[in-house]
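Trainee: With the sequence up front, the predicted model follows.
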Amino acid sequence: MNKIGFLLMITFLMISEYSSGEQDVNPLEEVVVSATRIGIPKKHLTQSINTVEDNEIKEQQVTDLQEILRDVPGVSVTQTGSRGGTTSLFVRGGNADHNLVLVDGVRVNQAGGSFDWSQIPTDNIERIEVLKGPQSALYGSDAMASVVHIITKKGRGPVQTNVSYGAGNYGTFEEKISVSGGVQEGGFSLAASRVDTDGILELNNRFKETAFSGGFDQKLFDRFNLVLTARYIDSYFEFPTESAGDRLQAALDPHQYNKRRRLVLSSALDSSIFSWWDHKLTLGLQDEDRLSVDPRDTGVDTADVHTNSDEIRPSVDYQWSFRLPALGPLEALLTTGFAWEKELFEQTSRRTTTSTTITQIDQSRNNHAYFFQNQWNYNDILFVIPGMRIEQNETYGTEINPHISAGFILPATQTKIRGSYAEGIKEPSFLQNFGSATILPNPDLRPERVKSWEVGIDQYLSRDVMEINVTYFFNQYNDLIAFISSAEPFRNIQEAESSGVESSLKVAPSLWKNYETSLVLSYTYLETKALDDGGVGGTLFTPGEPLLRRPKHRGAVTFNLSHERFNLNLNTTFQGESIDRDFSKSPAVRVRLPSYAKTDLALTYVIAKKIPELKIFTKIENLFGVDYEEVYGFSTAGIKFLSGIGAKF
C-alpha cells in the first residue's frame, strides 16, 4: 500500500506541475457508450475506460484483436504458443472468464464467461471500448473484471473500396477487402478477410481463418434509427501440444486439430419519441460451433477422441432513458430496462479405445434481468451515477448487484477526481452445473462474486500533453468455483484478492513541420493473492501466493509518426516476471516466467495518391528476436514479418 500511495502522490504532483499557470485546455470530446449504456462524453466518465480506435489498429497493422489489447492498462494477455493457440485476457488480476465480451451489444462469451481471443480478426471495427472493474449492475453475469465492447463501423461518405494482400515468413498470407459508404441518414460497411499460416512449429501447426462482417444503419422517419450488424468467423487450427507445451513434451501430436464457426447477429432500433424520452431495443444471436478432433497416434494418444459442441444464445435487451426536469444547474437522466437471454448447449463426445463410448449433453437455461441507473450532472463539474441490476437466473436464483460512481472536475486545472464501488457476479458454466461423463454435476452452485472499489485522476492538458490517467483499484473475490476431484462436484470454496495502479500518458508533440506525432505510454502495477483454497491443496491456488499468469509489472510504449504519404509505428510491450505451472511434472509445480520486452515495427508508404491510391506496407513483429514465453513450455515466434500492397478506390 505504501508503494501504491507513493506512486499516486508522485503522479498527482506531476499533474499539478503540468496544470499550473495559464493554459488553453481542450478536453477530449470523445463519446463512449459502454460505461452507461448510452453515449456520454469521455470527460463526464466516473470510472476507468480505455478506447481503441480504428486508426490505431491501422497504424499498428494489427490483424488479430488480442494484439491491440496488450497495450491497454490493467490488461494482461497470454497465448499458448503460435497464432490460433488459446488466448486469455486477465484484467486487474481477475480470472480469464471474468470478462464480458460484447459485439454491437450482443454477448458472445460461452455460458460461464469463457472466451478465446485467438480467433477474432480486426476487420470492420470502428472502436473497442474496455470498461474495467465489475459491471454487473448494468450488464449482469460475467462482467466481474471488465466489459470489452467491439463496435462495427458505420459507412459514411462516397463509396470506397479497400483491398490488400500480404505475405510473410512462417508461410503466412493475408488477404482483405472492404467496401463502405453512406450519407448522413445512413450507410453500410462490408468486409472479408482470409489468413493462412503454417505456424511456428515444424509439425501440425497450421492456422486458417475466413471472416465476413457487415453493418447497415438507416434513419427511419424522424425519430427512429435502425442498425443491423453481422459477423461470421470460420477457423481451423492444428496444434501438436497438450497442457505441457511443445518445449516439455516428449513427443508432439501429428494430427490433433479444432474447427470453430462463430455467427453474431445484432439488430438495434433507437427511437426518440419525445426529446426527453429515448428507447433502444436490441435483438441478438450468438451461435458458436466447435469441433475438436484428436485421432489416436501410437506413442502419443491412448484413445481416439471427437467432441462437437454447439452453443446458441438468443437475447433481447430493451432500455429507455428519461431526461428529468432540470433543477437549476442540476440535470438528471434516468435509464431503466430489462433483458432476457436463453443459453442452449449441446455436446456430443465420442471416445474410442478397444470400444467406443459416446456421451451427450443437451441443456439450456434462462436469464431475466431488470436494471436501473441515474446520472446526475451538476454544472458539468460534479457527476454522480448510482445503479443496480436484479438478475433472475434459472440455476442460481435471484442476485442484486449495485454500483455507484462519482467524479468531480476542479475548474481551475480541469483535473477530474473520480471513484466508484461495485459488485459483480459470474454464473457457473454448463460443465460445472450439469457435469459430463467424467465430471459430477452441481446444480446448486452459486455465482462467483467480487466486491471492488477504485479511485482515479484524469488530467486533460493543453498543447503537447493531451491526457494523463491514473487509477488505484482493489478487488475482493469470493465464492470462486473450484474443481475438487472426479469423485466430487465443483464447489464455491475459494477466495482471492487483487490490487494495483494502472496509468497512461498520451502525448501529441509537434516535432517537425508537416509531420504528426503521438506517444502513448501505459504502466500497470498489480498485486494478487490467493486467500483461501477451500482445503483443496495443490499448486494451482496456493494461499498467500500470487495468482498464476498475472505479472506484477506490465506496460507499453507506442510511438507513431505520420506524413502525407508515410506512417511509422513503433510499439514495445514489456512484462515483468510472473508465476506459472510446469505441467510436465506430476503434481504440476509452480515455476517462474522471466520478464521480457518485445518490439514491433509497422511501416506504410503511399506510392500513388491518384485513384486507385496504392500503398506498400510491412510489419515486423518481435523486431529483436527475443526468446520469451507467455505460457510455460509453449514456444513463441521469433522475428516475424509480413509485407504487401494495398489499394483504395
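Mentor: Now that the structure is in, tell me what you want to look at.
Trainee: can you give me the helices in the chain?
Mentor: Here the chain has its helices, by DSSP state H, at 2-19, 54-60, 65-69, 136-139, 430-434.
Trainee: where does the residue of the chain most remote from its centre sit relative to D64, distance-wise?
Mentor: Largest separation from the mean C-alpha position in the chain: T354, at 43.4 Å (C-alpha atoms, centre = their mean). The spacing between T354 and D64, counted by C-beta to C-beta, to the nearest Å, is 42 Å. The way it works is simple: take the backbone N, C-alpha and C, and place the C-beta from them, glycine included.
Trainee: what do you get for D71?
Mentor: 14 Å.
Trainee: out of those two, which sits in the more crowded spot?
Mentor: A direct count of neighbours by other C-beta atoms under 10 Å for D71 and D64 places D71 higher, at 24 against 19.
Trainee: didn't the more buried one look like it was pressed against V520?
Mentor: Yes - judged on C-beta atoms under 8 Å, D71 makes contact with V520 at a distance of 7.3 Å.
Trainee: Which neighbours do these two have in common?
Mentor: By C-beta atoms under 8 Å, 6 or more residues apart in numbering, D71 and V520 have these common neighbours: A556, T558.
Trainee: give me every residue that touches the nearest residue to A437 once chain neighbours are set aside.
Mentor: Excluding the flanking residues, the one nearest A437 by C-beta to C-beta, 6 or more residues apart in numbering is T359, at 3.9 Å. By C-beta under 8 Å, 6+ apart, T359 lies in contact with T348, S349, R351, S436, A437.
Trainee: cool, I128 as well?
Mentor: T51, V52, L65, I68, L69, V148, H149, I150, I151 are the contacts of I128 under C-beta under 8 Å, 6+ apart.
Trainee: now, which of those residues sits nearest F473?
Mentor: Distance ranking of the contacts of I128 against F473, using C-beta to C-beta, places V148 first at 16.8 Å.
Trainee: Against V77, how distant is the closest one?
Mentor: 12 Å.
Trainee: Kindly report the same for R549.
Mentor: 10 Å.
Trainee: And I358, by the same measure?
Mentor: Applying C-beta to C-beta to I358 and V77 gives a distance of 37 Å.
Trainee: So if I had to pick from the two, which one is more boxed in?
Mentor: Neighbours per residue (other C-beta under 10 Å) separate I358 from V77, with V77 holding more: 23 against 11.
Trainee: can you tell me how far the residue nearest to V507 when sequence neighbours are not counted sits from T558?
Mentor: Excluding its sequence neighbours, the residue lying closest to V507 (C-beta to C-beta, 6+ apart) is L519, at 4.4 Å. L519 sits 7 Å away from T558, going by C-beta to C-beta.
Trainee: shared neighbours of the two, anything?
Mentor: Contacts common to L519 and T558, judged by C-beta under 8 Å, 6+ apart, are absent.
Trainee: Kindly state the beta-bridge partners for F212.
Mentor: Going by DSSP bridges, F212 is paired in beta bridges with A192, Y232.
Trainee: does E577 really touch Y628, like I thought?
Mentor: No - E577 is beyond contact range of Y628, at 11.5 Å (criterion: C-beta under 8 Å).
Trainee: what residues are up against S146?
Mentor: Counting by C-beta under 8 Å, 6+ apart, S146 has contacts 75, 89, 91-92, 94, 98-100, 130-133, 135.
Trainee: Include pLDDT when you put the residues you listed into a markdown table, please.
Mentor: Below are these laid out as a markdown table (pLDDT from 0 to 100):
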| residue | pLDDT |
| --- | --- |
| V75 | 97 |
| L89 | 97 |
| V91 | 98 |
| R92 | 98 |
| G94 | 97 |
| H98 | 98 |
| N99 | 97 |
| L100 | 97 |
| V130 | 97 |
| L131 | 97 |
| K132 | 97 |
| G133 | 97 |
| Q135 | 97 |
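Trainee: related to what we said a few turns ago, next up, the contacts around the residue nearest to V507.
Mentor: With contact taken as C-beta under 8 Å, 6+ apart, L519 is in contact with L505, K506, V507, A508, P509, V557, T558, F559, N560.
Trainee: Closest one of these to N308?
Mentor: Looking at these and their distance to N308, the nearest is T558, at 41.3 Å (C-beta to C-beta).
Trainee: hang on, isn't that closest one packed against L568?
Mentor: No - with contact defined as C-beta under 8 Å, T558 does not reach L568; the gap is 11.4 Å.
Trainee: of these two, who's got more company?
Mentor: A direct count of neighbours by other C-beta under 10 Å for T558 and L568 places T558 higher, at 20 against 17.
Trainee: Distance check, that one against E56.
Mentor: For T558, the distance to E56 - C-beta to C-beta - is 8 Å.
Trainee: Ok, D294 next?
Mentor: From D294 across to E56, the span is 39 Å (C-beta to C-beta).
Trainee: Repeat that for N374.
Mentor: According to C-beta to C-beta, N374 stands 33 Å off from E56.
Trainee: Compare those two and say which one has the larger neighbour count.
Mentor: Taking neighbours as other C-beta under 10 Å, N374 and E56 compare with E56 leading, 20 against 16.
Trainee: Hmm, I68 and that one touching each other?
Mentor: Yes - applying C-beta under 8 Å as the test, E56 and I68 come out as touching, 6.7 Å apart.
Trainee: one step back: where among the helices of the chain is average confidence lowest?
Mentor: Ranked by mean pLDDT, these bottom out at helix 2-19, with a mean of 40.
Trainee: which ones are touching I579?
Mentor: Contacts of I579 by C-beta under 8 Å, 6+ apart are E545, P546, L547, L548, R549, R550, R590, V591, R592, L593.
Trainee: same thing with T572?
Mentor: By C-beta under 8 Å, 6+ apart, T572 lies in contact with A556, V557, T558, A597, K598, T599, D600.
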